[in-house]
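What follows is a predicted protein model with its sequence.
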Amino acid sequence: MDKNKKDIQSALPASKQRGRVQAIAESVKAYVPSKGQAAFAAIALLAISNGFAWAKLAKVEASPVIMTVGISQLTKNYMAQLALSNLPPEEVGVRTELFLSVTQDTLRRAAAEDNVLLIAREAVLAGNAIDVTEDVNVAVQAAMKQAADRRGAPQQALPKTDAGSPLMLGQ
């Protein structure tokens, strides 16, 4: 009999446990979607994600305008101007640093325009690209003239240009 009592006692907690598990399962069933609802949600998510993917692919962005600058030409021309000038070596050093910084700033401003890809002319092996070397040269010379005017330096190494407008590439 003791053995039967132990079996009965062990059986009671299992049935109570089963009842508790069934109660939890029934309460969770209220929150679980049906197969139809799950299928509808999956189809809706796929449709939305496909819609966004299509919109991203269909969005046609204009390809950048490729413009070239003859950096070596600009540098050679400037060095030739300096060689023909009667400036002392200290002034040549100052002007060269000024030329390099002004050229770099001008190229940075030109490349900052929307949809413009600015590369060295020497890097283009084939194909058509707009050459804006002269526009950059005019802008650099105008900036050099303004910087020289602020310093009060002589204008010997600067060529005469009718520059003074902001940088307008390819126009």
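Looks like it arrived, so ask away. Here the structure is a predicted model, which is why all the values come from computation and not from measurement.

Tell me who's in contact with residue 117.
Shown in contact with residue 117 (C-beta atoms under 8 Å, 6 or more residues apart in numbering): 64-67, 111. For the C-beta atoms, the positions are set from N, CA and C on the backbone; glycine is no exception.

So which of the residues you listed wins on neighbours?
Counting neighbours by other C-beta atoms under 10 Å, residue 67 leads those with 22 neighbours.

pretty sure that residue belongs to a strand, no?
Yes. Counting by DSSP: H, G, I helix; E, B strand; the rest coil, residue 67 is located in a strand.

so where do the strands sit in this protein?
With DSSP state E as the definition, the chain shows strands at residue ranges 65-69, 116-120, 130-131.

What are the buried residues along the second one?
When neighbours are counted by 16 or more other C-beta atoms under 10 Å, the buried residues of strand 116-120 are found to be 116, 118.

Would you mind putting the contacts of residue 117 into a markdown table with pLDDT and distance to residue 23 alongside?
A markdown table is the format used below for these (pLDDT from 0 to 100; distance: C-beta to C-beta, whole Å):
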| residue | pLDDT | distance to residue 23 |
| --- | --- | --- |
| 64 | 77 | 66 |
| 65 | 81 | 71 |
| 66 | 83 | 72 |
| 67 | 87 | 75 |
| 111 | 79 | 70 |
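
Output stretch 44-53 as PDB, restricted to C-alpha atoms.
What follows is stretch 44-53, C-alpha atoms only, in PDB (Å, rounded to 0.1, in the frame of the first residue of the first chain):
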ATOM      1  CA  ALA A  44       2.600  42.100 -47.000                       C
ATOM      2  CA  LEU A  45       6.200  42.300 -45.800                       C
ATOM      3  CA  LEU A  46       7.400  40.800 -49.000                       C
ATOM      4  CA  ALA A  47       5.400  43.300 -51.000                       C
ATOM      5  CA  ILE A  48       6.600  46.200 -49.000                       C
ATOM      6  CA  SER A  49      10.300  45.200 -49.200                       C
ATOM      7  CA  ASN A  50      10.000  44.500 -52.900                       C
ATOM      8  CA  GLY A  51       8.400  47.900 -53.400                       C
ATOM      9  CA  PHE A  52      11.300  49.700 -51.600                       C
ATOM     10  CA  ALA A  53      13.800  47.600 -53.600                       C
END
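
average model confidence for that stretch?
Averaging pLDDT along stretch 44-53 gives 82.

try stretch 93-106
Rounded mean pLDDT across stretch 93-106 is 86.

So what's the gap between that stretch and the chain middle?
Put simply, stretch 93-106 sits 27 Å off its chain's centre (C-alpha atoms, centre = their mean, to the nearest Å).

Same check on stretch 99-113?
Chain-centre distance of stretch 99-113: 18 Å, with C-alpha atoms, centre = their mean.

Right, I'll call it a day here.
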